[in-house]
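Participant: below are the sequence and a predicted model for it; my questions follow.
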Amino acid sequence: MTADQRLDQLEPLVAQTLAVADRHTAQLKQLTSLGMQQSDNIVFLLQELAEVKEEVGDIKREIGALTAGQNITHAQLGVLENTVSISNMKITDLDSKLDRLIDLLSGSK
């Protein structure tokens, strides 16, 4: 076989091999591009997650403040109930004193 015949046999194999290599290179470029897009998406999602966590922390702090305010209000309500109870006792005592006074005044007539 002559050198030209050997080149004629090798040329289609080399061309086919290079075509496959070109196709693989194009596929790798697509995969790299997709990988970059996925990476960007992941970074975006992580940033959003960080913001959501911060907002949840803010909400928890606000709930804590509301709970503390509720506890203070509950304590003040207890003091108010005590004051009303004491006032009721004083009114009852005053009523009984007024009744005795009325009895005393009624008895002298």
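Facilitator: Good, I have the coordinates.
Participant: what is the burial count for Glu55?
Facilitator: Here the count is done by other Cβ atoms under 10 Å, and Glu55 has 10 residues near it. All C-beta atoms are positioned from the backbone trio N, CA, C, and that covers glycine.
Participant: check which helix or strand covers it.
Facilitator: Following DSSP states H and E, one finds Glu55 within helix 3-107.
Participant: and that helix, what's its mean pLDDT?
Facilitator: The average pLDDT for helix 3-107 rounds to 95.
Participant: torsion angles phi and psi at Thr2?
Facilitator: Dihedral angles phi and psi of Thr2 (degrees, to the nearest 10) take the values phi -90, psi 170.
Participant: that one - how many residues pack around it?
Facilitator: Based on other Cβ under 10 Å, the number of other residues close to Thr2 is 7.
Participant: list the contacts for it?
Facilitator: If you count contacts by Cβ atoms under 8 Å, 6 or more residues apart in numbering, Thr2 has none.
Participant: the helix holding Glu55: how far from the chain's middle?
Facilitator: Shown here is helix 3-107, whose average C-alpha point lies 0 Å from the average C-alpha point of the whole chain (Cα atoms, centre = their mean, to the nearest Å).
Participant: just checking, what packs against that helix?
Facilitator: Here helix 3-107 touches no other helix or strand, going by 3 or more Cβ pairs under 8 Å, 6 or more residues apart in numbering; DSSP states H and E.
Participant: what residue is smack in the middle of this structure?
Facilitator: To find the centre residue of the chain, average its C-alpha atoms and take the closest one (Cα atoms, centre = their mean): that gives Val56, at 3.0 Å.
Participant: can you tell me how far it is from Thr67?
Facilitator: In this structure, Val56 and Thr67 are 16 Å apart, going by Cβ to Cβ, to the nearest Å.
Participant: try Glu81
Facilitator: When distances are taken as Cβ to Cβ, Glu81 and Thr67 turn out to be 21 Å apart.
Participant: check Pro12 too.
Facilitator: Using Cβ to Cβ, which is the criterion applied here, Pro12 is 81 Å from Thr67.
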